[in-house]
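**Q** 3D model of this:
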Amino acid sequence: MNGKSKATEASSMRVNRSLVFFILHPSAFILCAFIAIGLSLSSGVYAQTYPTKPVRLVVGFPPGGAGDILARMAAQPLSVALHEQVVVDNRGGAGGLVATEIAAHSVADGYTLMFASIPHVINPFLYKKVDYDPIKDFDAVVQFVAAPLMMATNGNFPAKSVKELIALAKAKPGQINYGSGGSGSSSHLAMELFKSMAGVDITHIPYKGTGPMFAELVGGQLNVTIASAVPLIPLVKGGKLHGLAVTGPKRAAAMPDLPTIGETVSGYEVINWFGIVAPRGTPKAVITRINADMNAALKTPALRDLLAAQGAEAAGGTPEEFAALIQRDFAKWGKVVKASGARVD
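**A** Okay, here's the model as predicted:
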């Protein structure tokens with residue numbers, strides 16, 4: 001008997017033994033049938049019953065910052081749509097790393113979501129040990145907003161435009177300082193990108209969060225910053241700080257008189273995004289539902305106007321579009337971090 005005949009006979013024997021098992025144990029056959037039916041229906045049934053308890057939205061920053069403010073704006077309409085409370089869970093620490101690792105290792109059942117932003121893709125390049133992969137360990141759900149940063153100075157700083165800042169920095173290399181929310185933060189890397197593209201030397205002073213940094217900028221201990229426009233707009237409109245420009249590709253609706261940095265430094269563009277991601281393996285039906293609910297909310301004039309007043313632009317779109325954005329920025333900011341030499345540990 002050749003090898004092929006032996007293989008065929010062995011395969012036939014395995015099939016026959018399986019048939020004998022199911023004939024002698026019909027309950028096993030019935031059980032397998034029910035499992036197959038259950039697997040095919042589970043996704044649809046889960047979508048119909050979800051949620052049956054509050055949903056946790058993990059945020060990697062303390063209350064009062066841009067991430068927290070925008071997360072609460074997302075949680076409110078989502079709570080209404082889901083008929084269950086979406087609870088914002090602030091887990092500040094290590095520039096969002098603590099929260100991201102908590103979310104990455106949570107049960108993928110739709111009851112833990114994360115409100116992610118640029119640090120989601122930056123932190124893997126800043127820390128030696130990161131216990132998550134921003135691409136492999138998360139499913140993108142929906143982009144909530146696109147939010148430019150803003151360049152602002154204290155009221156007494158002599159430069160009143162980006163062009164004047166560049167001229168002053170070139171005349172006094174290393175003598176102008178700028179504050180950031182911490183080494184490797186979006187405010188740090190956005191300014192480092194500006195420095196490299198404008199060809200200037202400005203000294204970095206990192207803070208443990210933007211709150212204390214804003215306090216010293218208002219007080220005059222700092223010269224300039226690039227940071228989220230959400231908390232900066234009230235300070236600029238209130239006359240406590242002077243706005244120079246925004247970092248997006250177009251002027252912000254909330255402050256149309258402010259130019260973009262790109263109008264002076266050609267090609268400069270930084271957009272911070274905020275959106276919802278879920279632990280990898282979250283039921284597709286749940287992701288589809290949350291995506292649809294958030295897209296519906298983002299089309300309402302009330303929410304769009306509220307976001308615009310904060311300097312943010314309503315986004316929305318498909319999970320696939322948000323996933324593509326995350327992948328692009330993972331590649332982009334990895335290069336910026338490496339070029340800047342920024343490290344946290």
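
**Q** Beyond the helix or strand where Ile102 lies, next helix or strand please.
**A** Using DSSP states H and E, Ile102 sits in helix 97-104. As assigned by DSSP H and E, the chain's next helix or strand after helix 97-104 is strand 112-116.

**Q** Run the angle between that next one and helix 97-104 for me.
**A** 140 degrees (axes from the mean of the first three to the mean of the last three C-alpha atoms, to 10 degrees).

**Q** how about the CA coordinates for the helix or strand following strand 112-116, as PDB?
**A** Counting by DSSP H and E, the element after strand 112-116 in chain order, helix or strand, is helix 119-126. C-alpha atoms of helix 119-126 as PDB (Å, rounded to 0.1, in the frame of the first residue of the first chain):
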ATOM      1  CA  PRO A 119      -0.200  60.200  23.500                       C
ATOM      2  CA  HIS A 120      -1.800  56.900  22.500                       C
ATOM      3  CA  VAL A 121       0.600  56.600  19.600                       C
ATOM      4  CA  ILE A 122       3.500  58.700  21.100                       C
ATOM      5  CA  ASN A 123       4.100  56.900  24.400                       C
ATOM      6  CA  PRO A 124       5.500  53.600  22.900                       C
ATOM      7  CA  PHE A 125       8.400  55.700  21.600                       C
ATOM      8  CA  LEU A 126       9.000  57.600  24.900                       C
END
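
**Q** Enumerate every residue touching the nearest residue to Gly184 once chain neighbours are set aside.
**A** Leaving aside its sequence neighbours, Gly184 sits nearest to Leu126 (C-beta to C-beta, 6 or more residues apart in numbering; 4.0 Å). Using the backbone N, CA and C atoms, a C-beta is placed for each residue, glycine as well. By C-beta atoms under 8 Å, 6 or more residues apart in numbering, the residues touching Leu126 are Gly95, Ser183, Gly184, Val337, Ala342, Arg343, Val344.

**Q** The same query, at a cut-off of 7 Å, please.
**A** Residues counted as contacts of Leu126 (C-beta atoms under 7 Å, 6 or more residues apart in numbering) are Gly184, Val337, Ala342, Arg343, Val344.

**Q** Could you count how many residues lie near the last one?
**A** Applying other C-beta atoms under 10 Å, we find 16 residues neighbouring Val344.

**Q** element containing Phe322, please.
**A** Using DSSP H and E, Phe322 falls in helix 319-340.

**Q** tell me what the strand or helix carrying Asn272 is packed against?
**A** Asn272 is part of strand 271-279 when elements are defined by DSSP H and E. Other elements packing on strand 271-279 under the criterion 3 or more C-beta pairs under 7 Å, 6 or more residues apart in numbering; DSSP states H and E are helix 66-82, strand 112-116, strand 138-154, helix 284-298.

**Q** before we move on, the earlier item: now do the helix holding Phe322: everything it contacts.
**A** For helix 319-340, the surrounding residues in contact (C-beta under 7 Å, 6+ apart) are 118, 121-122, 125-126, 134-135, 140-143, 184, 189, 192-193, 273, 275, 287, 291.

**Q** wouldn't Val344 be in contact with Phe125 here?
**A** No. At 9.9 Å, Val344 does not count as touching Phe125 under the criterion of C-beta atoms under 7 Å.

**Q** Kindly state the domain boundaries assigned to the protein.
**A** In the domain annotation for the chain, the residue ranges read 50-147+272-340, 148-263 (automatic domain parsing).

**Q** so how far is the first residue of the first one from its last?
**A** Between the opening and closing residues of domain 50-147+272-340 we find a distance of 45 Å, counting by C-alpha to C-alpha, to the nearest Å.

**Q** cool, stretch 120-135 as well?
**A** 10 Å.

**Q** That one - what's its average pLDDT?
**A** Here stretch 120-135 scores 92 as its mean pLDDT.

**Q** Against Lys163, how distant is the closest residue in space to Thr210 that isn't next to it in sequence?
**A** Of all residues not flanking Thr210 in the chain, Gly181 sits nearest, at 4.2 Å (C-beta to C-beta, 6+ apart). Taking C-beta to C-beta, to the nearest Å as the measure, Gly181 falls 26 Å from Lys163.

**Q** Tell me which of those two has more neighbours.
**A** Gly181 (26 against 16).

**Q** per-residue confidence at the more buried one?
**A** Gly181 carries a pLDDT value of 85.

**Q** ok, it to Val80 distance?
**A** Relative to Val80, Gly181 is positioned 32 Å away (C-beta to C-beta).

**Q** just to revisit the earlier point, show me which of the contacts of helix 319-340 are buried.
**A** 118, 121-122, 125-126, 134, 140-143, 184, 189, 192-193, 273, 275, 287, 291 (16 or more other C-beta atoms under 10 Å).

**Q** For the contacts of Leu126, which two are the farthest from each other?
**A** Val337 and Val344 (10.3 Å; C-beta to C-beta).

**Q** shared neighbours of those two, which are they?
**A** Here Val337 and Val344 share the contacting residues Leu126, Gly184, scored by C-beta under 7 Å, 6+ apart.

**Q** Next, Met213: phi, psi?
**A** Note on Met213: its backbone torsions stand at phi -70, psi -40 [degrees, to the nearest 10].

**Q** If anything else comes up later, I'll come back, but that's it for now.
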